[in-house]
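**Q** Using only what follows, build the 3D model:
(one chain, ligands or ions: 1)
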Amino acid sequence: MSELADRLRALPSFPDDMPGLDPDALPEDPSALFLAWLEDAIASGARQPHAMTFQTLTEDGAPAARTLILKDLDARGLHISTHRTSRKGQQLAADPRAAMTFFWRESGRQVWVGGEVEALDEAISQADWASRPTYDGVPNPDWQVYALQPARWEFTQSRLDRKHVRIGYRLGAEGWHHERLTTPAG
Ligand SMILES: Cc1cc2nc3c(=O)[nH]c(=O)nc-3n(C[C@H](O)[C@H](O)[C@H](O)COP(=O)(O)O)c2cc1C
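**A** Model prediction:
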């Protein structure tokens, strides 16, 4: 093993005191669990608890990812904002499938949510643009708010013994269905 591998292996992975996740006491609606975890992350005082990795697909189907800020969550889904002409904007125009991965290291929690994005209307996009700290009074027609409408969620609560609790939610004809995922998570 290389010296780098030794140093990486020696790094602590998780905090000593992580919350639990009871698979028998889960909400029917996954966004309720997400909001509870987001509130915990905000209360922890960690910087940018609303930052996540946002995944899209390139024209040839390759994955692409970058960090974005979550702007809102409502019935339309999880909101992000960006330039319509950016690479991700062009990728979303060609293929609306996308996913978000949140990781909150203070609690050892990860949330993955996937679905399709919808471009929201101009008024919402310009209101978001105008709320940015660098706003100089000039509207930006290239600015776009998108909402990711969740079709799948996966919640992971890490554990020191590595027996992480993973819960998958899927949207079916009858609404949300959840199950404990037992595949080894590493
Ligand atoms: C913490 C953090 C937050 C960011 N938030 C946003 C964001 O909300 N919207 C955005 O367009 N870019 C944001 N960026 C920049 C993107 O990560 C990315 O570099 C940029 O949008 C270009 O991505 P693209 O070429 O894949 O379209 C953020 C970067 C960081 C490090």
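
**Q** if I look at residue 152, how far off is residue 48?
**A** Computed with CB to CB, to the nearest Å, the distance linking residue 152 and residue 48 is 24 Å. Heads up, the C-betas are built off the backbone N, CA and C, glycines and all.

**Q** what about those two, which has more around it?
**A** residue 152 (14 against 10; other CB atoms under 10 Å).

**Q** Could you pull up phi and psi at the more buried one?
**A** Backbone dihedrals for residue 152, given as degrees, to the nearest 10, come out at phi -150, psi 140.

**Q** How far does the longest helix along the chain sit from its chain's centre?
**A** For the chain, the longest helix by residue count, based on DSSP state H, is helix 30-43. Relative to the chain's own centre, helix 30-43 is displaced by 11 Å; criterion: CA atoms, centre = their mean, to the nearest Å.

**Q** Please apply the same query to stretch 27-34.
**A** For stretch 27-34, the distance to the chain centre is 14 Å (CA atoms, centre = their mean).

**Q** same question, stretch 38-48
**A** If you compare the mean C-alpha spot of stretch 38-48 with that of the full chain, they lie 14 Å apart, counting by CA atoms, centre = their mean.

**Q** what about residue 103, which helix or strand?
**A** For residue 103, the element it lies in under DSSP states H and E is strand 97-104.

**Q** Which neighbouring elements make contact with that strand?
**A** Counting contacts by 3 or more CB pairs under 8 Å, 6 or more residues apart in numbering; DSSP states H and E, the secondary-structure elements packed against strand 97-104 are helix 30-43, strand 51-57, strand 109-119, strand 143-157.
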